[in-house]
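# Build me a model from this:
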Amino acid sequence: MFVKGDKKILANSFTDSNGNFKMKFTPGREKSFDFFCTGTGIDTLFIKSVKTFNSDMPAMTFYVPCIIKKNALGKVICPKCNLVDKVFPIEYGEPTYVYHISKAGDTTYSPFYKGMYQAGTDVVEPAKYYCDRDKIKF
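Okay, here's the model as predicted:
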């Protein structure tokens, strides 16, 4: 487990066999604190974003993977930015490369194909969605 604030890792910790962990850090002027987990065979997985803490030593419960929420139209809501327009389902396995060659000969690749984010790995992980705005898997 680790926590980031303003794109910097503030603290990290290992979980015990029950998934419990302790983490110490002193919040500064960060706008939010983003909790992630990672491990052998899985990529970095976004868990939760917290703006403020209710005490100096809060007890928090996280769900891995995080609970997926949808809006009234059935679109998946990003747990960080709370928007739906840049959220894509993740497709695992051999990626389909999408590219564009400009008139100048420059090639640009994209990880998106037919509305899916191409993870480019055979490792199956609990992440089902990707937010292109926040660059997180959840």
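
# tell me which element the closest residue in space to T108 that isn't next to it in sequence is part of?
Counting by CB to CB, 6 or more residues apart in numbering, the nearest residue to T108 once its immediate chain neighbours are dropped is H100, at 4.9 Å. In this view, the C-beta of every residue, glycine as well, is placed from N, C-alpha and C. Using DSSP states H and E, H100 sits in strand 98-101.

# tally of neighbours for C66?
By the criterion of other CB atoms under 10 Å, C66 has 21 neighbours.

# helices or strands next to the helix or strand that contains I47 in the packing?
If you go by DSSP H and E, I47 is part of strand 42-50. Strand 42-50 sits against strand 33-39, strand 136-137, with contacts defined as 3 or more CB pairs under 8 Å, 6 or more residues apart in numbering; DSSP states H and E.

# Read off the pLDDT value for T26.
On the pLDDT scale, T26 is placed at 87.

# Please identify which helix or strand holds it.
Assessed by DSSP H and E, T26 sits outside every helix and strand.

# Make 52 the starting number, not 1.
Yep, numbering from 52; the last one is T77 now.

# For it, give its distance to P109.
Using CB to CB, to the nearest Å, one gets 14 Å for the distance from T77 to P109.
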